[in-house]
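# Below are the sequence and a predicted model for it; my questions follow.
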Amino acid sequence: MKINKVPYRTIWVKPGDPATIQVIDQRHLPHQLVIENLADLDQTARAIREMHVRGAPLIGVAAAYGVYLALRNAPKDSALDHYLRNEIQKLRESRPTAINLEWAIQTQLKAIESAGSIEQKIKIAFETAGRLADEDVKTCEKIGEHGLTLIERIAGQKKNEPVNILTHCNAGWLACVDWGTATASIYKAFDKGIQIHVWVDETRPRNQGASLTAWELLQHGVPHTVIADNTGGHLMQRGLVDLVLVGTDRTAVTGDVTNKIGTYLKALAAKDNQIPFYAAVPSTSIDWNVQNAFRDIPIEERNPDEVRYAEGWCEGEIKKVLLLPKDSPAKNYAFDVTPAKLVSGLITERGICQANQESILALFPEKRANLLAMGKK
Ligand code: MRU
């Protein structure tokens with residue numbers, strides 16, 4: 001996607017310097033475009049933990065580059081396995097909910113396992129991280145093409161009025177390498193000349209909707225309106241939402257969708273108002289091992305200060321202001337689980353399916369063997 005008409009990805013190798021990975025530091029958006037250099041695993045883990053980079057697919061690709069950087073910086077005199085295990089643990093502890101993180105680590109470990117020398121491992125890890133980045137772009141574009149069919153169908157029923165899409169958090173290109181998951185269909189529809197308008201949930205406490213989704217849509221010229229998080233139900237009751245489209249950090253193979261806190265409430269309101277609720281789900285965000293999302297998917301709890309304070313642009317810099325009585329306690333659950341029964345469908349790179357195990361496995365039959373091996377099917 002483009003920033004001021006210049007094409008960007010969210011993560012790339014610094015031109016002429018393969019020892020440095022560059023990312024857009026999203027903490028500064030929408031006010032400033034800041035590019036950050038990552039030179040080792042510690043910097044990468046910190047960038048993930050402190051949300052310089054965020055969004056499940058981007059967390060995965062950043063972690064893959066983190067493993068590459070760890071190998072590059074491996075001390076010559078220590079046992080590689082022990083060193084790598086400790087380094088990777090730092091990535092694992094950075095953010096627990098998005099399954100893409102573990103998926104990327106496992107993909108890297110498998111890719112390098114048979115390489116004989118450290119030089120070979122570094123080369124393979126570099127190529128693998130690059131491949132995962134490129135695949136993420138293709139996956140998101142495919143999701144966009146499948147989701148477009150949904151928007152086209154609704155547009156066909158709307159008779160020259162815009163299709164109103166409500167989205168939560170940022171499941172946009174900033175959350176991936178490019179395109180986005182939920183936003184890919186929006187960009188495809190807009191580029192095809194379909195009239196659309198996006199309701200953007202601000203998404204407290206970190207405001208990814210207000211600061212990131214709104215900025216992306218603005219850069220692309222997509223009509224949109226930012227709303228306070230509690231507005232969606234009211235809009236749905238008034239017939240002002242045609243489709244709810246969200247992303248996911250981890251969707252269980254049973255079809256239960258874990259996503260940014262507040263997604264569940266949007267799904268409940270959508271059900272009550274007979275509005276289609278779809279999740280855009282790359283296969284890298286499916287947890288093929290989880291049968292009980294409510295029990296087995298870890299829900300990240302972040303620093304309560306993110307609830308206690310709000311951040312914004314003031315006199316040329318980002319400032320933080322206290323919202324609560326200073327002695328009031330706060331809690332900061334980052335995600336919730338929307339049960340499959342509230343989900344109209346999942347938009348994957350292989351097509352749209354129902355939110356249930358049979359339907360998901362029909363699109364990804366090669367995963368059936370995993371479940372059989374685990375004695376789950
Ligand atoms: O806490 P974040 O900003 O990493 O949460 C991001 C989301 O919840 C997104 O909706 C999800 O990762 C899907 S991104 C394509």
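Perfect, thanks for sending it.
# Grab the nearest non-local neighbour of Ala125.
Closest residue to Ala125 in three dimensions, ignoring its sequence neighbours and counting by Cβ to Cβ, 6 or more residues apart in numbering: Tyr68, at 4.0 Å. Where you see a C-beta, it was placed from the backbone N, CA and C, and this is true even at glycine.
# Which strand or helix spans the closest residue to Ser211 other than its chain neighbours?
In space, Ser211 comes closest to Pro30 once its chain neighbours are excluded; the distance is 5.3 Å by Cβ to Cβ, 6+ apart. Counting by DSSP states H and E, no helix or strand carries Pro30.
# just checking, Pro30 touches Ala214?
Yes - counting by Cβ atoms under 8 Å, Pro30 sits close enough to Ala214 to count as a contact (6.9 Å).
# Check the spacing between the residue in the chain that the ligand sits nearest to and Leu240 real quick.
Checking the chain residue by residue against the ligand with Cβ to the nearest ligand atom singles out Gly247 as nearest, at 2.7 Å. According to Cβ to Cβ, to the nearest Å, Gly247 stands 22 Å off from Leu240.
# Which of those two has more residues huddled nearby?
With other Cβ atoms under 10 Å as the criterion, Gly247 and Leu240 differ in neighbour count, and Gly247 comes out ahead with 30 against 14.
# Report the separation between the more buried one and Trp199.
The span separating Gly247 from Trp199 equals 15 Å under the rule Cβ to Cβ.
# follow-up on the earlier one: roughly how far is the helix or strand harbouring the residue nearest to Ala125 from the heart of the chain?
Element membership for Tyr68, per DSSP H and E: helix 56-72. When distances are taken as Cα atoms, centre = their mean, to the nearest Å, helix 56-72 is centred 15 Å away from the chain's centroid.
# Could you give the average pLDDT over stretch 303-314?
The predicted model gives stretch 303-314 an average pLDDT of 97.
# Give the buried residues for that stretch.
Burial within stretch 303-314, assessed by neighbour count using 16 or more other Cβ atoms under 10 Å, is assigned to Glu306, Val307, Arg308, Tyr309.
# Pull up the residues of the protein that are close to the ligand.
Taking Cβ under 6 Å from any ligand atom as the criterion, the neighbours of the ligand within the chain are 54-57, 98, 169, 171, 175-176, 180-181, 208, 247-249, 259-260, 334.
# and those residues, which of them are in strands?
Assignment to strands by DSSP state E places the following of those there: Asn259, Lys260.
# from the residues of the chain next to the ligand, which ones fall inside helices?
Counted as lying in helices by DSSP state H, out of the residues of the chain next to the ligand, are Ala56, Pro57, Gln208.
# neighbour-wise, which of those residues leads?
Taking other Cβ under 10 Å as the neighbour criterion, Pro57 ranks highest of these with 33 neighbours.
# And it, how close does it get to Met51?
When Cβ to Cβ is applied, the distance between Pro57 and Met51 equals 15 Å.
# And for Ile318?
Ile318 sits 14 Å away from Met51, taking Cβ to Cβ as the criterion.
# so what's in contact with those two at the same time?
With contacts taken as Cβ atoms under 8 Å, 6 or more residues apart in numbering, Ile318 and Met51 have Arg27 as neighbours in common.
# quick one, which of these two is more surrounded?
For Ile318 against Met51, the residue with the higher neighbour count under other Cβ under 10 Å is Met51, and the figures read 19 against 12.
# Now do the same for the more buried one: helix, strand or coil?
Recorded secondary structure, Met51: coil (DSSP: H, G, I helix; E, B strand; the rest coil).
# so who does it touch?
By Cβ under 8 Å, 6+ apart, the contact set of Met51 is Gln26, Arg27, Arg206.
# make it 10 Å
By Cβ atoms under 10 Å, 6 or more residues apart in numbering, Met51 lies in contact with Asp25, Gln26, Arg27, Ile59, Ser94, Arg95, Arg206, Gln208, Arg302, Glu306, Ala334.
# Of all pairs in these, which one is the farthest apart?
Asp25 and Ala334 (19.4 Å; Cβ to Cβ).
# residue at max distance from the center of the chain?
With Cα atoms, centre = their mean as the measure, the chain has its most outlying C-alpha, relative to the mean C-alpha position, at Asp77: 37.9 Å.
# Now do the phi/psi pair for that residue.
The phi and psi torsions at Asp77 (degrees, to the nearest 10) take the values phi -100, psi 0.
# Let me see the confidence value for it.
Here the pLDDT value assigned to Asp77 is 75.
# Ile122 versus that one, what's the distance?
If you measure Asp77 against Ile122 using Cβ to Cβ, the figure is 17 Å.
# Show me where the stretch 101-250 of the chain has its helices.
Ranges of helices in the stretch 101-250 of the chain, per DSSP state H, counting those that start in this stretch, are 118-158, 182-191, 208, 214-220, 232-237.
# Could you name the helices and strands sitting against the fourth one?
Where contact means 3 or more Cβ pairs under 10 Å, 6 or more residues apart in numbering; DSSP states H and E, helix 214-220 is packed against strand 2-3, helix 182-191, strand 196-201, strand 224-227.
# starting at the chain centroid, how far to the last one?
For strand 224-227, the distance from its own C-alpha centre to the chain's C-alpha centre is 20 Å (Cα atoms, centre = their mean).
# Any buried residues in that strand, and which?
The neighbour-count check on strand 224-227 (16+ other Cβ under 10 Å) flags His224, Val226, Ile227 as buried.
# so who does the first one touch?
Taking Cβ under 10 Å, 6+ apart as the definition of contact, the neighbours of His224 are 165, 167, 186, 196-200, 209, 213-214, 216-218.
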